[in-house]
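K.L.:
Kindly return the folded structure for what I paste below:
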Amino acid sequence: MKKVFILLLISSACFAQEVKRKLVWEENFNKKELNEKDWNFELGDGCPNLCGFGNNERQIYTKTNHEFKDGNLVIEARKEGPKYTSTKITTKGKKEFKYGRIEARAKLPVGQGIWPAFWMLGANIDEIHWPKAGEIDILEYIGRDPGMVYTTLHTQDSHGNTINTKRTPYPNIEEGYHVYAIEWTKEKMDFFVDKTLVYTFNPPIKNEDTWPFDKPFYIIVNLAVGGNFGGPEVDDKIFPQKYYVDYVRVYQ
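P.N.:
Just a heads-up that it's a prediction; the model follows:
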């Protein structure tokens, strides 16, 4: 009986935490065009300042590699002659968030060389630069490693080949839609796929080098091709590939 009572208390506490959260922002992609009051297109290949976006990525970002269909943003990576094209959107300078639950519901593309992501960067990146500004990778999937989901953080203390990462087996992750989320407080960051907690980041020493996550971040959705992580090899036979994003939501 005591065990049951304790479980009920824990369940009640968890429920209470969920009830306290309020939806503060959402993007449902229900219109025919991107809401540029909240979102930006990031265009090009990163040159001249950061060619390949620092990862030797092979895609060129455009405004024409996406559509809005059935309440989804559909990003399509294509092979067009010698080039790969795709789309990347961000909320930089328009919507920034500090703490809360940030989630997206998405369906992944597949194949060698494909690299969809849902992630965040520190809003002060232009002032203090990466990795000091911090990076939160809520979802990364690479086609060369099927059935796996990556959740990662980059800080001044550990970045690039960071130790703050988790590769989680998730059978059939490529099938249908899944929810990718973080629950972020001033103490720690929990990462979820659907309702499964897959990783917790809670460094014992928190300072500007280990925990830059005490300030606002902005949201990024993109589909990369190749690169140090997603490639380097790319199977041209897989194209086109589509990355479906049903919604992005923020609760606080």
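K.L.:
List of residues touching stretch 240-252?
P.N.:
21-29, 71-79, 97, 99-111, 114, 116, 118, 177, 219, 221, 223 (Cβ atoms under 8 Å, 6 or more residues apart in numbering). The C-beta positions use only the backbone N, C-alpha and C, and glycine is treated the same way.
K.L.:
Neighbours of the residue lying closest to Tyr199 once chain neighbours are set aside, how many?
P.N.:
The shortest distance from Tyr199 to any non-neighbouring residue, by Cβ to Cβ, 6 or more residues apart in numbering, is to Lys166 (3.7 Å). As a burial measure, Lys166 scores 14 neighbours (other Cβ atoms under 10 Å).
K.L.:
from the middle of its chain, how far away would the strand or helix carrying Lys166 be?
P.N.:
In this structure, Lys166 sits in strand 165-169 according to DSSP states H and E. Distance of strand 165-169 from the chain centroid (Cα atoms, centre = their mean, to the nearest Å) equals 14 Å.
K.L.:
list the buried ones in that strand?
P.N.:
If you call a residue buried by 16 or more other Cβ atoms under 10 Å, then strand 165-169 has these buried ones: Thr165.
K.L.:
Stretch 110-117 now?
P.N.:
Buried positions in stretch 110-117, judged by neighbour count with 16+ other Cβ under 10 Å: Gly111, Gln112, Gly113, Ile114, Trp115, Pro116, Ala117.
K.L.:
Inside strands: which ones of the residues you listed?
P.N.:
Members of these lying in strands (criterion: DSSP state E): Ile114, Trp115, Pro116, Ala117.
K.L.:
now what about stretch 82-90, what contacts it?
P.N.:
By Cβ under 8 Å, 6+ apart, the residues outside stretch 82-90 that reach it are 34, 39-42, 58-66, 73, 75-78, 218-226, 234, 239.
K.L.:
Tell me how far the residue nearest the centre of the chain lies from Val221.
P.N.:
For the chain, Phe118 is the residue whose C-alpha lies nearest the centre (Cα atoms, centre = their mean; 1.8 Å). Per Cβ to Cβ, to the nearest Å, Phe118 is found 6 Å from Val221.
K.L.:
Which pLDDT value does the model give the residue nearest to the centre of the chain?
P.N.:
For Phe118, the pLDDT comes out at 98.
K.L.:
and the closest residue to Trp39 other than its chain neighbours, helix, strand or coil?
P.N.:
Nearest residue to Trp39, sequence neighbours excluded (Cβ to Cβ, 6+ apart): Ile89, at 4.9 Å. At Ile89, secondary structure determined by DSSP: H, G, I helix; E, B strand; the rest coil is strand.
K.L.:
Could you give the number of residues near Ile89?
P.N.:
When counting by other Cβ under 10 Å, one arrives at 25 neighbours for Ile89.
K.L.:
can you check Lys20 too?
P.N.:
Lys20 has 9 nearby residues by other Cβ under 10 Å.
K.L.:
Out of the contacts of stretch 240-252, which end up buried?
P.N.:
For those, buried by 16+ other Cβ under 10 Å: 25, 27, 29, 72-79, 97, 99-109, 111, 114, 116, 118, 219, 221, 223.
K.L.:
my guess is Phe53 meets Gly44, correct?
P.N.:
No: between Phe53 and Gly44 there is no contact under Cβ atoms under 8 Å: 9.6 Å.
K.L.:
Run through the bridge partners of Met189.
P.N.:
Counting by DSSP bridges, Met189 forms beta bridges with Trp184, Phe201.
K.L.:
check contacts around the closest residue to Tyr177 other than its chain neighbours.
P.N.:
Closest residue to Tyr177 apart from its sequence neighbours, by Cβ to Cβ, 6+ apart: Lys107 at 4.8 Å. Neighbour list for Lys107: Gly176, Tyr177, His178, Tyr243, Tyr244, Asp246 [criterion: Cβ under 8 Å, 6+ apart].
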